[in-house]
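>>> Build the 3D model from these lines:
(one chain, ligands or ions: 1)
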Amino acid sequence: MSNAFIIDGKAFAAQLRQRVAAAVESFIALTARKPGLAVVLVGEDPASQVYVGSKKKATVEAGMNSFEHRLPASVSQDELIALVETLNADAAVDGILVQLPLPPHMDDKAVIAAIDPGKDVDGFHVVNAGRLAVGEEAFVPCTPLGCLMLLKDHMGDLSGKNAVVIGRSNIVGKPMAQLLLAENCTVTIAHSRTQDLPDVVRRADIVVAAVGRAEMVTGDWLKPGAVVIDVGINRLEPEAGQSKGRLVGDVAFDDALRHAGAITPVPGGVGPMTIACLLRNTLVAAHRRAGVAAPEGI
Ligand SMILES: Nc1nc(=O)c2c([nH]1)NC[C@@H]1CN(c3ccc(C(=O)N[C@@H](CCC(=O)O)C(=O)O)cc3)C=[N+]21
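The predicted model follows:
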């Protein structure tokens, strides 16, 4: 079989960011204020600092306000929740993102529960998870939303397709399955206890890999022509003479290329879509809070 089509998430994300930036201009013309995203980072995890930095840059490039709050890892959960409550009450803040993971002395669930669901642009609050599950308008977590956009752009109608989601996290696996179900896919959620995982994956027209294990899905697991969305971002050990290891996904990319119909690369696939969807959700939150209709098709 010939090589798979490579789905360019980076290019799609750049276009989405342009559409968001244009809609931000119209929003400002209408309301005389900029949409605002507050990002809260607790502690000094280097990877989290990089992500927060790129979110800030993208937010400002889209014409929105970025409010960054960096707190020491020693901060108490009550102090963090007090900050979230201040942001809930701040009229200039449309979206609130508390960077995960939080330090071990904190309960992610309690902190997320403190976020106003109308400002929960990560879509992690139980109110948004519940709305998604019952088919009401909800903020959808950015990574699965970005995956769905790439799938629909590449495949068109997804009705009746067999989709296998590998991974059952609240952040990716579960909302991804809900979105695919809403698109009329037949959805299987596979996970670490799934029996005969390669056989389960072999039935899939659509494979979304979100397990966090480097290059776990190999080409022989794939039905020929399957569309593969690789959510994993894993850094390998550095090779001799290198300071940084390579970034790889949960799919063995070169191997999968010979079996798949299409596949997202890592980097340059799902990652950039996550940030673009965060801007998109913030734009939508701003419109809802202002009581004006959000533009179609964003
Ligand atoms: N409350 C919260 N919301 C999040 O959305 C959230 C979070 N916490 N914690 C951490 C994860 C991770 N995450 C990524 C975003 C963009 C890339 C991204 O753009 N990656 C680039 C490359 C990055 C690189 O080179 O290191 C790519 O895949 O092409 C990756 C990962 C958002 N997260």
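>>> make it CA atoms for all contacts and neighbour counts henceforth
OK.
>>> which residues in the stretch 51-200 of the chain form helices?
Along the stretch 51-200 of the chain, counting by DSSP state H, counting those that start in this stretch, helices occupy 77-89, 108-113, 126-134, 142-155, 173-182, 197-202.
>>> list the contacts for the closest residue to residue 247 other than its chain neighbours?
Among residues not flanking residue 247 along the chain, residue 235 sits closest, at 4.5 Å (Cα to Cα, 6 or more residues apart in numbering). Listed by Cα atoms under 8 Å, 6 or more residues apart in numbering, the contact partners of residue 235 are 214, 245-248.
>>> could I get these as JSON lines with pLDDT?
Output for the contacts of residue 235, formatted as JSON lines (pLDDT from 0 to 100):
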{"residue": "214", "pLDDT": "98"}
{"residue": "245", "pLDDT": "94"}
{"residue": "246", "pLDDT": "95"}
{"residue": "247", "pLDDT": "96"}
{"residue": "248", "pLDDT": "98"}
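>>> Just confirm residue 43 contacts residue 103, I think it does.
Yes. When contacts are counted by Cα atoms under 8 Å, residue 43 is listed as touching residue 103 (7.1 Å).
>>> that older thread, now flag whichever of the contacts of residue 235 is closest to residue 230.
Nearest to residue 230, judged by Cα to Cα, of these is residue 248 at 9.4 Å.
>>> Phi first, then psi, for the residue nearest to residue 247.
phi -100, psi 120 (degrees, to the nearest 10).
>>> mind checking how far it is from the ligand?
Note on residue 235: its distance to the ligand, by Cα to the nearest ligand atom, to the nearest Å, is 9 Å.
>>> same thing with residue 163?
Using Cα to the nearest ligand atom, residue 163 is found at 22 Å from the ligand.
>>> do residue 283 as well
Distance from residue 283 to the ligand, by Cα to the nearest ligand atom: 16 Å.
>>> What residues of stretch 78-87 count as buried?
For stretch 78-87, burial by neighbour count (16 or more other Cα atoms under 10 Å) applies to 80-81, 84, 87.
>>> Tabulate these (TSV), appending distance to residue 200 and pLDDT.
Formatted as TSV, the buried residues of stretch 78-87 follow (distance: Cα to Cα, whole Å; pLDDT from 0 to 100):
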residue	distance to residue 200	pLDDT
80	42	98
81	42	98
84	42	99
87	44	99
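>>> now, which of those sits nearest residue 180?
Nearest to residue 180 among the buried residues of stretch 78-87, with distances taken as Cα to Cα, is residue 84, at 31.6 Å.
>>> Surely that closest one and residue 117 touch.
No. Residue 84 is beyond contact range of residue 117, at 11.8 Å (criterion: Cα under 8 Å).
>>> of all the contacts of residue 235, which two lie farthest apart?
214 and 245 (12.0 Å).
>>> for whichever residue of the stretch 101-250 of the chain sits closest to the ligand, what are its contacts?
Minimum separation of the stretch 101-250 of the chain from the ligand (Cα to the nearest ligand atom) falls at residue 122, amounting to 5.8 Å. Residue 122 is in contact with 96-97, 139-142, 278, 281, counting by Cα under 8 Å, 6+ apart.
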